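# quick one, what's the 3D model for this:
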Amino acid sequence: MTYVAPHQDAFKAIADPNRRKMLDMMLQDACTVGALAEALAISQPAASQHMQVLRLAGLVDERVEGRRTFYSVRAAQLRTVADWIAKYEAFWTEKLDALETHLARMKN
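Take a look at the predicted model:
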């Protein structure tokens, strides 16, 4: 498992498929580590380690209710990732538009 320090960005944290699934689940509703572990069919210690990485990267908020802790997505922290991906979306949109134009010229 990759350690992500608090000052690091979200990229390492979301590199793991289980952590991405955890974020997807928490986007729907706040979850406990136990519920996430059960849904992903992984051990509770493994789910806790994944949650620690997400917490250190600033990707989740936690809310304590009695003896249970509920985690939810802090989506604003993913803005860095979305901004980075947006550059590539623009790149591919431009390339595909150019291809469409080229194919239309060849057709005529």
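# show me where the protein has its strands.
60-65, 68-73 (DSSP state E).
# now tabulate the ones you listed in TSV and tack on mean neighbour count.
For glycine as for every other residue, the C-beta is placed from the backbone atoms N, C-alpha and C. Shown next, in TSV, are the strands of the chain (neighbours: other C-beta atoms under 10 Å):
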stretch	mean neighbour count
strand 60-65	13
strand 68-73	17
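# residue 13: which of the ones you listed is closest?
Nearest of these to residue 13, taken as C-beta to C-beta: strand 60-65 at 9.5 Å.
# adjacent strands (with direction) for the closest one?
Strand partners for strand 60-65, identified by DSSP bridges, are recorded as strand 68-73 (antiparallel).
# who's the spatially closest residue to residue 23 that is not a sequence neighbour bridged to?
Of all residues not flanking residue 23 in the chain, residue 73 sits nearest, at 5.6 Å (C-beta to C-beta, 6 or more residues apart in numbering). Residue 73 has these beta-bridge partners by DSSP bridges: residue 60.
# re earlier: now the strands of the chain as CSV including mean pLDDT?
Below are those laid out as CSV (pLDDT from 0 to 100):
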stretch, mean pLDDT
strand 60-65, 95
strand 68-73, 96
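# turn those into TSV, columns for distance to residue 90.
As requested, these are exported to TSV (distance: least, C-beta to C-beta, whole Å):
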stretch	distance to residue 90
strand 60-65	29
strand 68-73	25
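# among these, which comes closest to residue 44?
The nearest among the strands of the chain, by C-beta to C-beta, is strand 68-73 at 12.5 Å.
# show residues contacting that closest one.
23, 26-27, 29-33, 36, 51, 54-55, 59-64 (C-beta atoms under 8 Å, 6 or more residues apart in numbering).
# any idea of the mean pLDDT for the longest helix along the chain?
The residue-count maximum for a helix in the chain (DSSP state H) belongs to helix 79-107. Throughout helix 79-107, pLDDT has a mean value of 85.
# that helix: how far from the chain's middle?
23 Å (C-alpha atoms, centre = their mean, to the nearest Å).
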